[in-house]
Each structure stands twice: as structure tokens, then as C-alpha cells.
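Q: Fold the following and give me the result.
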Amino acid sequence: MEEEVAVAAIDVAVEIDIQAAPADIAGVMFDPEREPQWIKTVTAVELVDPALEPGARVKRTGTVLGRSFSWTTEVEAVHFPHLLTLRVIDGPLTGTVRYDIQRAGSGSRVRVRNVGESDLLGPVPSSFIAGPLRSAMTSDLQRLKAIVEQGQ
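A: Sure, this is the predicted structure:
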């Protein structure tokens with residue numbers, strides 16, 4: 001009899017308005033080497049395939065609740081500067097991360113959506129993960145906003 005591993009389903013989206021053009025935002029947001037600046041969980045990035053094109057892979061290392069882990073993403077779709085979809089192909093979570101940037105008023109509306117499953121925290125109900133993940137993603141977008149609006 002196979003042992004079943006408990007996983008938590010994740011579907012969390014957050015958005016923020018940034019006073020900048022989509023290209024200026026995507027220049028930071030779509031650059032994996034800049035992720036440690038604005039995504040708190042990401043502590044290191046290794047470009048496996050440096051091009052920003054479908055199939056390109058990036059390995060990331062991060063920490064959640066004091067636990068270090070690594071995961072690899074692959075570009076599923078990119079339409080610079082408006083869309084980047086990454087598929088998680090290796091690590092303690094599976095699914096997709098989608099970045100959307102659209103003109104809105106004098107700036108842009110930026111949206112991030114994480115959809116997938118994780119066994120990172122063990123058998124934790126999805127509702128226990130969604131709130132903290134939404135808070136973390138919101139904080140990440142606030143850091144991105146500060147970087148872009150200050151022209152860093």
C-alpha cells in the first residue's frame with residue numbers, strides 16, 4: 001500500500017498599482033536575478049537558461065518558516081512587458097506563477113497569481129496557507145513598487 005502525501009491546494013492572487021510604464025516594471029519583475037530584492041522568500045537565483053523565452057529555466061533557493069528549499073521554474077509564456085507565466089517543474093511545490101502588467105490610468109496595474117499544490121508545510125489545510133501567502137505576496141509587490149517608483 002502506497003503512503004499518501006498530504007498536499008495543500010493553492011490559488012492566491014494579489015495586485016497593486018504602480019506609477020510606472022509596464023516595460024519599467026517588467027524590467028525588474030521579469031528579471032530573475034532581481035527577485036531577491038523584492039521577493040522575500042527568494043535568497044538565491046541560478047540561471048540555468050539565461051534567455052527570457054519559453055522553456056528557459058531558473059533554479060531558486062529560498063526560506064519559509066526557517067526551512068530552506070530549492071525549486072526550478074520554466075518559462076511557459078512570455079509577452080514582454082505584459083505577461084510572464086512560469087511553471088514550477090522541480091521542488092516542494094507544483095503549479096504556475098503568473099505575472100500580469102497592464103496600463104491603468106497614469107501607471108500600471110500589476111497582478112501576481114500562484115496556483116498549484118505544496119507539500120512544503122505538510123498536511124495543513126489550504127485556508128491556513130492562503131492568508132499568509134496573500135500577505136507575503138502583497139508585501140513582495142509593495143517592495144517591487146518601491147524599487148520601480150524610486151528608479152532603482
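
Q: most centrally placed residue in the chain?
A: Relative to the mean C-alpha position of the chain, the nearest C-alpha, by C-alpha atoms, centre = their mean, is the one of V97, at 5.4 Å.

Q: Can you tell me the closest non-neighbouring residue to that residue?
A: Once flanking residues are discounted, V97 sits nearest to L86: 4.6 Å by C-beta to C-beta, 6 or more residues apart in numbering. Every C-beta, even on glycine, is put in place using the N, C-alpha and C of the backbone.

Q: Which helix or which strand is home to the one you found?
A: When secondary structure is defined by DSSP states H and E, L86 falls within strand 83-90.

Q: who's in contact with the top helix by length along the chain?
A: Longest helix of the chain, by residue count under DSSP state H: helix 126-149. Helix 126-149 is contacted by residues 8-12, 14-16, 18-20, 24-25, 28-29, 34, 37-41, 110, 112, 114, 118, 121 when judged by C-beta atoms under 8 Å, 6 or more residues apart in numbering.

Q: go with 7 Å
A: With contact meaning C-beta atoms under 7 Å, 6 or more residues apart in numbering, helix 126-149 is reached by 8-10, 12, 14, 16, 18-20, 24-25, 28-29, 37-41, 110, 112, 114, 121.

Q: excluding its backbone neighbours, what's nearest P54?
A: With C-beta to C-beta, 6+ apart as the measure, V75 is the residue that lies nearest to P54, at 5.3 Å, once sequence neighbours are left out.

Q: Only the buried residues of the helix or strand harbouring that neighbour, if you could.
A: Following DSSP H and E, the helix or strand that holds V75 is strand 67-79. Of the residues in strand 67-79, those with enough neighbours to count as buried (16 or more other C-beta atoms under 10 Å) are 71-75, 78.
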